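1. take this sequence and fold it.
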Amino acid sequence: MANRERLIELGWRQGVLLVPSDERFKENSHYEVPDDARLLVVSQTCDLVQGSFDREPYFEVLCIHPLGQAPKSEYLAGKNSRRVEFTLEAEGGSVCHWYAFPYERHLVGRDILLERQASESLDDGQILKMILRWLSRRYTRIAFPEEFLCRLAARKSKINKNFNRLNPLVGNIFVRVTPFTELDGNSSYSLDMLLVMDAEKYDDSVQYDQCNEIKKELERQLGECVGIEIDDISIESTATVTLEDLSGYLDWDFSYLSFRHPDEAVMPADAGI
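-> Numbers count the residues shown, from 1 in each chain. Presented below is the predicted three-dimensional model:
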């Protein structure tokens with residue numbers, strides 16, 4: 001039987017979860033892989049079952065760790081680029097919470113797959129899609145002008161407080177910064193912002209009012225940043241916001257919005273549209 005057909009028959013696909021009891025699964029890792037962790041196969045299925053081991057000699061895994069509590073809102077849905085938390089429903093209805101760091105990935109020799117049968121897998125397609133999107137954003141997220149970020153930093157503690165309060169309420173924050181260049185001290189940036197709530201939360205008057213109060217405080221704090229002029233901050237629902245509405249806007253990464261020190265974002269405790 002050809003390699004490709006054999007790999008397909010053995011059940012290898014993106015989303016398979018490996019128990020790291022086999023040393024070959026861990027031999028190229030540059031970090032410790034605990035026994036209670038799982039290695040999530042993140043390579044594309046078409047690469048995973050490629051018939052030629054010369055063309056695709058390795059596959060990539062992400063280490064996920066059990067989380068001893070419910071996920072925190074700031075780490076859900078891939079909001080934070082430095083850590084992700086999520087919940088999986090196991091067989092029998094039991095619930096398991098997990099977390100992962102994007103740098104805990106490594107390559108495994110793909111030939112090992114011919115010797116083993118795939119078993120456990122991450123069957124929640126939405127969670128898998130979220131994790132893959134989260135990993136890709138490490139490379140595709142937008143870098144804002146440094147001068148713009150420096151002007152925000154003047155009020156960073158107050159702004160940080162409001163963004164933390166928004167975390168449970170808002171799924172995405174989209175911003176339009178004009179001009180999108182480095183400016184001198186004599187020019188100002190204009191800022192438009194869309195706070196996008198899940199439709200269910202948007203339609204809940206209590207949660208909408210909470211978001212609106214935070215928005216007002218955010219407008220005040222951002223308005224005190226020298227060299228930044230606030231054109232508009234609005235609250236939108238995922239049920240009504242369109243691609244046309246988002247034209248010219250950029251999705252701003254929560255981990256950078258909140259001005260956290262990098263070390264704080266990776267402490268264990270731990271869709272956009």
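
2. alpha carbons only for contacts and neighbour counts from here, please
-> Noted.

3. what about residue 187, how many neighbours?
-> Look at residue 187: counted by other CA atoms under 10 Å, it has 11 neighbours.

4. that one reaches residue 229, doesn't it?
-> No: between residue 187 and residue 229 there is no contact, the gap being 10.4 Å when judged by CA atoms under 8 Å.

5. just give the nearest non-adjacent residue to residue 83, would you?
-> Spatial nearest neighbour of residue 83, excluding adjacent residues (CA to CA, 6 or more residues apart in numbering): residue 101 at 4.9 Å.

6. tell me which strands the strand or helix carrying that neighbour pairs with, and in which orientation.
-> Using DSSP states H and E, residue 101 maps to strand 95-109. Note on strand 95-109: by DSSP bridges, its sheet partners are strand 58-66 (antiparallel), strand 84-89 (antiparallel).

7. list the buried residues for that strand?
-> Buried residues in strand 95-109, defined by neighbour count with 16 or more other CA atoms under 10 Å: 97, 98, 99, 100, 101, 102, 104, 105, 106, 107, 108, 109.

8. quick check: which of the strands paired with strand 95-109 is nearest to residue 150?
-> The minimum distance between residue 150 and the strands paired with strand 95-109 falls on strand 84-89, with 26.7 Å, by CA to CA.

9. list the contacts of the closest one.
-> 70-72, 75-78, 95-101, 124, 127, 131, 134, 270 (CA atoms under 8 Å, 6 or more residues apart in numbering).

10. show me where pLDDT drops low in the stretch 51-200 of the chain?
-> Scanning the stretch 51-200 of the chain for pLDDT under 70 picks out the ranges 91-93.

11. kindly recompute the last result at 80.
-> Low-confidence segments of the stretch 51-200 of the chain, defined by pLDDT under 80, span residues 79, 90-95, 141-142, 164, 167.

12. so residue 47, which of the three states?
-> Following DSSP: H, G, I helix; E, B strand; the rest coil, residue 47 is assigned to helix.

13. distance-wise, check it relative to residue 7.
-> Plainly put, residue 47 is 11 Å away from residue 7 if you go by CA to CA, to the nearest Å.

14. same thing with residue 97?
-> 30 Å.

15. again with residue 65
-> Applying CA to CA, the value for residue 65 to residue 7 is 27 Å.

16. now swap in residue 196 and tell me
-> Taking CA to CA, one finds residue 196 at 42 Å from residue 7.

17. just residue 74 next, same as before
-> For residue 74 relative to residue 7 (CA to CA), the value is 38 Å.

18. which of the strands paired with strand 95-109 sits closest to residue 155?
-> Ranking the strands paired with strand 95-109 by proximity to residue 155 (CA to CA) places strand 84-89 first, at 26.9 Å.

19. let me know the helix or strand that residue 33 is in.
-> Under the criterion DSSP H and E, no helix or strand holds residue 33.

20. and the gap between it and residue 99?
-> Residue 33 is 13 Å from residue 99, by CA to CA.

21. what does residue 233 give?
-> For residue 233, the distance to residue 99 (CA to CA) stands at 32 Å.

22. also residue 144?
-> Distance, residue 144 to residue 99, using CA to CA: 28 Å.

23. what do you get for residue 124?
-> On the measure of CA to CA, residue 124 and residue 99 end up 15 Å apart.

24. next one: residue 16
-> Residue 16 is 16 Å from residue 99, where distance means CA to CA.

25. same question, residue 25
-> For residue 25 relative to residue 99 (CA to CA), the value is 19 Å.
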